[in-house]
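Chemist: With the sequence up front, the predicted model follows.
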Amino acid sequence: MVDVATRRALPITVAGVSKAYGAQQVLDQVDLEVRSGEFLTLLGPSGSGKTTLLMALAGFVQPDAGDLRFGERSMVLEPAHKRGIGMVFQSYALFPHMTVGENIGYPLRLRKHSKPEIRARVAEALELVRLPGVAERRVSQLSGGQRQRVALARAIVFEPAILLMDEPLSALDKQLREQMQREIRQLHDRLGVTTVYVTHDQREALTLSDRVAVMNQGRIEQVAGAFQIYQRPATRFVADFIGESHFLPLQRRDGGFCLAGRPLVLPPDQDVPSGESAWLMLRPENLMVDAAPDLGRNRLEGVVTDSVFQGESSRLYVRLDDGLEVSLRLGPAQIRELGLGQGQRVTLSLHAEDTVLLPREDGDGR
Ligand code: ADP
Ligand code: MG
């Protein structure tokens, strides 16, 4: 048995990495530090450059500019097969004509390990991905989830210092995906391997990661922990992409930002944008109806336009006095009790902790 604690992990540095295909700038001066042993996820919409950045780390895409370092060592001129990286892709990319054991042992055969050692390490890797005793089976006899476990076993069997995964669970159904998410995280914690994981699924990113890097059009908009990304998004793009949100334009008056004539109360760690106008971001789950007046809360007045029964919750639509329509989720009993029907005037409130101001470019007419 190999002592997993001896597996070394390496930090990754991405410094000013750019890549263009024709006129399209796919990576635009990307800077990123992945800490040794960290689980970092690249999250972004399709086409934002996630796979290209991962492929640059792996050595399958040559950057036009910038540097990539594993530890102290620059990888830019290092061919892919010498980078010592474990990789898992969306499509399993297993060899269909080989057994499970032959697939997993492949990286060890390339590295000229002895047969008995390969057998032992394949068995160990299969244990790690909770698939013991299937080394002799054909890949075609396995389910989708099992195949992805085999791909994972093959990626870690040679004890890489860095593990890269590109949407490895996107072909699986929801239940299996959630189970595999937990297993991937547990595996990471046992191995301590520096992991860069790619997904376009925000929940998956928030669940799995130590930190999330949100990508948009070849740039990284924010790198932070799940709570920070969700509760303190740095840009409107991040706020829009993750979770549900409404945006209320605010104008600066007498030096500050006001809501319905009252100065906005903000959490102490919130930066106030410097421009003449800003976005107030509202998450539906943070809006409350008719909370008692309280200095720690911002208040918004409006009229109920609709309420829609959705099973365990109902969605209440409210047109605020300045015209923006927001929605919030309430229990059906709450709506009944508060007598919230169409045309009813309501006061909504938002706790200072949940109040987020985002920069708004001048002329940003959204
Ligand atoms: P993501 O993984 O975030 O969906 P990709 O990194 O795959 O994004 O792609 C980013 C953009 O780069 C896309 O618009 C894609 O069409 C383009 N692109 C990626 N690879 C190539 C290539 N080899 N040639 C031309 N365009 C490419
Ligand atoms: Mg991709």
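Modeler: Perfect, I can see it now. A quick note: this is a predicted structure, and the numbers were derived from the prediction, not measured. Ligands and ions are numbered 1, 2, ... in the order given.

Chemist: So which elements touch the biggest helix by length in the chain?
Modeler: Criterion DSSP state H: the longest helix present in the chain is helix 174-191. Under the contact criterion of 3 or more C-beta pairs under 8 Å, 6 or more residues apart in numbering; DSSP states H and E, helix 174-191 touches helix 115-128, helix 144-156, strand 162-166, helix 202-208. Bear in mind the C-beta positions are built from the backbone N, C-alpha and C, glycine included.

Chemist: Could you list the buried residues of the first one?
Modeler: Residues of helix 115-128 classed as buried under the neighbour-count rule (16 or more other C-beta atoms under 10 Å) are Ile118, Arg121, Val122, Ala123, Glu124, Ala125, Leu126, Leu128.

Chemist: who wins for proximity to Ala93 among the helices and strands packed on helix 174-191?
Modeler: Nearest of those to Ala93, taken as C-beta to C-beta: helix 144-156 at 6.9 Å.

Chemist: Please export the C-alpha coordinates of stretch 242-252 as CSV.
Modeler: Once non-C-alpha atoms are left out, stretch 242-252 reads as follows in CSV (Å, rounded to 0.1, in the frame of the first residue of the first chain):
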residue,chain,number,x,y,z
ILE,A,242,-24.5,32.6,-9.8
GLY,A,243,-27.9,32.3,-8.1
GLU,A,244,-30.9,34.4,-8.9
SER,A,245,-30.7,38.2,-8.5
HIS,A,246,-32.5,41.5,-9.3
PHE,A,247,-30.6,44.7,-10.0
LEU,A,248,-31.9,48.0,-9.0
PRO,A,249,-30.1,51.1,-10.4
LEU,A,250,-29.2,53.7,-7.7
GLN,A,251,-27.9,57.2,-8.1
ARG,A,252,-25.5,58.9,-5.8
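
Chemist: So what touches that stretch?
Modeler: With C-beta atoms under 8 Å, 6 or more residues apart in numbering as the test, stretch 242-252 has contacts from 43, 202, 206, 214, 229-230, 233, 236, 239-240, 257-259, 264, 275-285, 320, 322, 324, 326-327, 357-358, 360, 366.

Chemist: Show me these that map onto helices.
Modeler: Counting by DSSP H, the contacts of stretch 242-252 contribute Gln202, Leu206, Ile229, Tyr230, Arg236, Ala239, Asp240 to helices.
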